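**Q** mind looking at a prediction? Sequence and model below.
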Amino acid sequence: MATPQASPCCTTNAEIIAITLDGLLSHETSPVVYGCASIALGFDHLPEVIGRSLDLDVILSFSQMEVLDADEQFWQAQKEANVALEKLRLYMTHLFQEDRVFLRPE
């Protein structure tokens, strides 16, 4: 497996992670991204620190848990993406059920 590289299509680390994961899947998934990665994927003209965040955090909603739990390809793709992105020090390891997410005022 080739190591993903930053390219003109990928201006943020979140894009590199998302595109790498997507390339390993043969079907659509709809993870709910949050944190810096959600801002990086959803907005233009970002502060550089947001675009350089090293991870992509995901909230697993109750409504998708059963389907995602049974989706072996998703979990395998997540592992393979982390291996492929290791040299870039990028990863997707924080996947939380929606009742385990908390917000801070900062």
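**A** Received the coordinates, thanks. Numbers count the residues shown, from 1 in each chain.
**Q** tell me where this structure has helices.
**A** Assigned by DSSP state H, the chain shows helices spanning 13-23, 36-42, 48-51, 62-69, 72-85.
**Q** pick the most buried one from these.
**A** The highest average neighbour count among the helices of the chain, using mean count of other C-beta atoms under 10 Å, belongs to helix 13-23 at a mean of 21. In short, each C-beta sits where N, CA and C put it, glycine included.
**Q** hmm, who's touching that helix?
**A** 4, 6, 9-10, 33, 36-38, 40-41, 51-56, 77-78, 81, 84-85, 88, 90-92 (C-beta atoms under 8 Å, 6 or more residues apart in numbering).
**Q** can I get that helix in CSV? Just the C-alpha atoms.
**A** Taking Å, rounded to 0.1, in the frame of the first residue of the first chain, the C-alpha atoms of helix 13-23 are listed here in CSV:
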residue,chain,number,x,y,z
ASN,A,13,-4.8,16.7,7.1
ALA,A,14,-8.5,15.9,7.6
GLU,A,15,-9.0,15.7,3.9
ILE,A,16,-6.0,13.4,3.6
ILE,A,17,-7.4,11.1,6.3
ALA,A,18,-11.0,11.1,4.9
ILE,A,19,-9.8,10.5,1.3
THR,A,20,-7.5,7.6,2.5
LEU,A,21,-10.4,6.0,4.4
ASP,A,22,-12.8,6.5,1.5
GLY,A,23,-10.4,4.9,-0.9
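**Q** number the residues from 40 up from this point.
**A** Okay, residue one is now 40; in that scheme the one you just asked about reads as helix 52-62.
**Q** residues in contact with A120?
**A** Per C-beta under 8 Å, 6+ apart, neighbours of A120: I56, T59, L60, L63, M131.
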